[in-house]
Structure formats: C-alpha cells, structure tokens
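[1] Quick check, what structure comes out for this input:
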Amino acid sequence: VQLVESGGGLVQAGGSLKLSCAASGLAFSTYSMGWFRQAPGKEREFVASISWSGDSTYYSDSVKGRFTISRDNAKNTAYLQMNSLKPEDTALYYCAGKSRILPFTSTGYAHWGQGTQVTVSS
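    Sure thing, here's the model as predicted:
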C-alpha cells in the first residue's frame with residue numbers, strides 16, 4: 001500500500017492550496033480516507049475524512065467551512081481543498097486510509113503517506 005501526497009507549498013494568509021493523495025496497492029473505493037496534520041512541537045491532529053463512497057464527510061472545527069475533502073475513486077485519489085488559509089494551518093499534512101468495514105471516525109487509520117508541507121505566511 002502506498003499513499004503519496006502532493007500539492008503542498010508556501011502561500012500567503014488568505015490564499016488557497018489543493019492537496020492530492022494518490023493511492024496504490026489497495027482497493028481505494030473500499031477505503032475511507034482522511035487528512036491529518038502535524039505542526040512543529042505539536043501532536044498530529046485530525047483535519048477531515050470522507051467515506052468510501054464519498055457520501056459522508058467530517059471536519060475538525062478548526063477547518064470547517066474553509067477546507068473541503070473529496071475523492072475520485074476512478075483515479076484512486078483523495079483531495080483536500082484548502083481556502084482562506086491561516087498561519088496556524090502551517091503543518092505537515094498527511095493522508096491516511098482505512099477499510100470501510102471500520103467505523104467512520106477520526107481514528108483507526110492503518111495506512112499513511114509521508115506528508116506534504118504546507119506553510120502559510122502572515
């Protein structure tokens with residue numbers, strides 16, 4: 001199983017970025033996908049998740065209304081559209097996947113990518 005994130009970079013506050021997570025080695029359409037982030041000196045935190053079908057999504061309060069998670073099962077790819085970025089969004093962003101047979105919660109993810117850095121300047 002391989003998850004590869006891309007799309008990170010440096011952006012000014014108020015700007016936008018779209019992260020992608022390309023999956024291989026798993027039946028992508030049967031996996032719930034999530035995005036997490038970890039800022040320097042802080043613990044990794046949940047950002048957003050999407051069910052295997054794409055019908056259900058869930059966001060942390062800190063990004064709700066600004067970020068949108070989506071997926072394209074035909075392309076084995078999950079996305080995170082980030083708008084109205086703030087300096088406090090600066091972190092290493094990870095995508096993760098877990099089987100749809102597991103509860104659709106923010107925990108229990110078995111597969112992780114290496115992360116893509118997002119830096120928001122003020």
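
[2] The residue lying closest to Leu102 once chain neighbours are set aside: helix or strand, and which one exactly?
    Excluding the flanking residues, the one nearest Leu102 by C-beta to C-beta, 6 or more residues apart in numbering is Gly108, at 5.0 Å. Any C-beta I mention is one placed from the backbone N, CA and C, and that applies to glycine too. Using DSSP states H and E, Gly108 sits in no helix or strand.

[3] Let me know the pLDDT of the residue lying closest to Ser16 once chain neighbours are set aside.
    Leaving aside its sequence neighbours, Ser16 sits nearest to Asn83 (C-beta to C-beta, 6+ apart; 4.7 Å). We have a pLDDT of 98 for Asn83.

[4] Asn83 - how many residues pack around it?
    14 (other C-beta atoms under 10 Å).

[5] what's the spacing between it and Thr68?
    Here Asn83 is placed at a distance of 8 Å from Thr68 (C-beta to C-beta, to the nearest Å).

[6] What of Ser121?
    22 Å.

[7] Compare those two (neighbour count), which wins?
    More crowded of Ser121 and Thr68, by other C-beta under 10 Å: Thr68, with 16 against 11.

[8] any idea of the pLDDT on that one?
    Residue-level confidence at Thr68 comes out at 98, pLDDT.

[9] How about it: which residues does it bridge to?
    Gln81 (DSSP bridges).

[10] these two touch, right, it and Leu80?
    Yes: counting by C-beta atoms under 8 Å, Thr68 does reach Leu80; the two are 7.4 Å apart.

[11] list the residues that contact both of these two?
    Shared contacts of Thr68 and Leu80, defined by C-beta atoms under 8 Å, 6 or more residues apart in numbering, are found at Ala48.

[12] any idea which element the spatially most central residue of the chain lies in?
    Centre of the chain computed as the mean C-alpha position; nearest residue by C-alpha atoms, centre = their mean is Trp35, 2.3 Å away. Element membership for Trp35, per DSSP H and E: strand 31-38.

[13] Can you give me the buried ones in the next helix or strand after that strand?
    Downstream of strand 31-38, the next assigned helix or strand under DSSP H and E is strand 45-50. Neighbour counts over strand 45-50 (16 or more other C-beta atoms under 10 Å) mark 46-50 as buried.
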